[in-house]
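A.B. asks: Have a look at this prediction, sequence included:
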Amino acid sequence: MTFYLLRRVAILLATLLAASIVVFVVLQVLPGDPAALILGTGAREDTLAALRHQLGLDAPMWLRYARWLGGLLSGDFGTSFTYHVPVAELVRQRVLVSLPLALFAILLSTAIAIPVGVAAAARRGGAADAGLMGVAQIGVALPNFWLGLLLILLFAVRLPWLPASGFPGWDAGLWAGFRALILPALALALPQAAILARVTRAAVIDTLGEDFVRTARAKGLSRPAALWRHAVPNALIPVVTLIGLQFSFLLAGTVIIENVFTLPGLGRLVFQAIAQRDLIVVQDLVVLLAGSVIVVNFLVDLAAAWIDPRLRRAGA
Amino acid sequence: MNDTPLLQVSGLVREYALPRPHPFAAAPRLRVLHGIDLAMAKGDSLAIVGESGSGKSTLARSVLALERPDAGSVRLDGMDLFALSRRELRAARRHVQAVFQDPYGSLDPRQTVFRIVAEPIAALEPRTARGERRDRVAAILQAVGLPAAAAEKYPHEFSGGQRQRIAIARALVTRPALVVADEPVSALDVSVQAQVLNLMLDLREKLGLAWLFISHDLGVVRVVTERVAVLQHGRIVEQGRTADVLAAPQHPYTQALVAAMPRVRRRG
């Protein structure tokens, strides 16, 4: 297990490094001169050159990469070209919205989907299965922004229980911040829960057909005991993998929901930075998001090895 | 001694529903067992032989009460398994355990050998003390020829023959009177088959078990069982002492099975 862990960590670090190189090179190849963007089209060539020098843009590419990477590692993400504030500070504020939102949504989604999927699998072919999967089918088909609008209409307009949009900041109190995240988290979680429930159902049905579940029944376990002790734990790998993918998506893929609820999250920051050609912000954010996807996948791999002892050996 | 048989199967009928040809048709049914009658005494060993599709495994699953028959009964020590309440059925399972064909699929890959072998005790005799449970698992692992260190390992760390030993240990840990073995060696290498069969013979002698042995391999059956019943298309076409049936098969189907046996000529 120790060897397995060391190996996975080495792979993790190598992947992160490769991702940072790819992100850096791709953004260097793209057209667009940050100095020209900052100074406007009427700037004189020598002013442009001076600014490029000041920004370090005239250095050779490998040196710029090394400086950038060194900065990232020491927590210095550079300075935004448009906002003139440290990128680290911009990101920090946004992460404080996006990360709790993503965690909240994934918890909701998992808490709904696993019981529903297992219940449907245990009653496969029955009326409850058909009913639950029918609802899930509708859930898969619902666009989350539309669901978000419906939730606003119901819980913020009709019933004045929750704020319709905006985020007061965590300074306004934990409860106020949490309340602002309830509706967006629901809007994100329900469609994801529908997909996760279907995957859970399929995985549990698969393991219910395994010989060791029949064996468990033959050795005297009751039906629920065989289900929860043998079928469900062995069905978790595809479920955990999907949860990991959904979480990565939730961290930055929520631009639309952030717009519906006017939340200052990472998704909107990426979107704005691209629109304003704020190269350094885009570069930092893309590498951060790529990094978080890689780290989440690493955690999923560890969870899989914990779930299935066979994977600890196979390694790969 | 009373003369109630350990296992009595009477008039067992099992049908499966086939897909409907169109939505308004009644589902056609396929009868896989046509009224099976069998009896086994304590310590008996009986083989059910027949080709694939003859209903052997359905019979095994019915005896294990994993499937409810459409007619007929399975009595264990005189108790009709399908007339018992859930609780009583679970209590009865202590006395019938199973070893299945696939030594790879039938052990939960997430559990250590200790948990696999101890689980029937936990499920069927929940009041067993922790220490006693450990002792019994250790004793049974030793009885099936596995090292004590095996308990902490996972199934994937063992070979097929060793896994089948684990399966046998798991079946025997509740001290059953009857073990149903559904093709227990057909997935193993021939060299390993002999070791596992010898182990089964040994344990039968030592523990006074009855084996209901499901197989398509007459060569294996000849080694392990005293009596044999030949199943064809869900009917028992011939039964008797294994030696007699193999030496002088009466039914044409049995004759065909015997004729198909690979022969090993003995020297001297």
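C.D. replies: Right, received. Where do you want to start? Numbering: from 1, shown residues only, chains lettered A, B, ... in the order given.
A.B. asks: burial of the residue nearest to A:Val9 when sequence neighbours are not counted, as a residue count?
C.D. replies: In space, not counting the residues next to it along the chain, A:Val9 is nearest to A:Phe298; the distance is 8.0 Å by CB to CB, 6 or more residues apart in numbering or on different chains. Where C-beta positions appear, they are placed from N, C-alpha and C, glycine not excepted. A:Phe298 is surrounded by 18 other residues when neighbours are defined as other CB atoms under 10 Å in any protein chain shown.
A.B. asks: what are the ranges of the helices in the stretch 151-300 of chain A?
C.D. replies: Taking DSSP state H, counting those that start in this stretch as the criterion, the stretch 151-300 of chain A contains helices spanning A:174-208, A:211-218, A:223-226, A:232-252, A:255-260, A:266-275, A:279-307.
A.B. asks: cool, chain B as well?
C.D. replies: Listed in chain order, the helices found in chain B under DSSP state H are B:56-63, B:86-93, B:113-124, B:130-143, B:160-172, B:190-207, B:218-224, B:242-247, B:252-259.
A.B. asks: Alongside chain A, which residues does the stretch 51-200 of chain B contribute?
C.D. replies: If contacts are counted using CB under 8 Å from any CB of the partner chain, the residues of the stretch 51-200 of chain B sitting beside chain A are B:64, B:66, B:86, B:90, B:93-94, B:97-98, B:100, B:102, B:105-110, B:119-120, B:123-124, B:154, B:156-157, B:167, B:170-171, B:174.
A.B. asks: What is the distance between stretch A:19-37 and the centre of its chain?
C.D. replies: Put simply, stretch A:19-37 sits 24 Å off its chain's centre (CA atoms, centre = their mean, to the nearest Å).
A.B. asks: Same check on stretch B:122-142?
C.D. replies: The answer for stretch B:122-142 is 22 Å, by CA atoms, centre = their mean.
A.B. asks: List the buried residues in that stretch.
C.D. replies: Buried residues in stretch B:122-142, counted by 16 or more other CB atoms under 10 Å in any protein chain shown: B:Ala122, B:Ala123, B:Leu124, B:Glu125, B:Arg133, B:Arg136, B:Val137, B:Ile140, B:Leu141.
A.B. asks: same check, this time on stretch A:192-203
C.D. replies: Applying a neighbour-count criterion of 16+ other CB under 10 Å, the buried positions in stretch A:192-203 are A:Gln192, A:Ala193, A:Ala194, A:Ile195, A:Leu196, A:Ala197, A:Arg198, A:Val199, A:Thr200, A:Arg201, A:Ala203.
A.B. asks: which one of those residues sits closest to B:Leu18?
C.D. replies: The closest of the buried residues of stretch A:192-203 to B:Leu18 turns out to be A:Arg201 (CB to CB; 25.4 Å).
A.B. asks: I figured that closest one hits A:Ala121, correct?
C.D. replies: Yes: between A:Arg201 and A:Ala121 there is a contact under CB atoms under 8 Å: 4.6 Å.
A.B. asks: Quick one: name the residues of chain A near chain B.
C.D. replies: Taking CB under 8 Å from any CB as the criterion, the contact residues of chain A with chain B come out as A:210-212, A:214-222, A:225, A:230, A:233-234, A:307-310, A:313.
A.B. asks: Brilliant, that's me finished.
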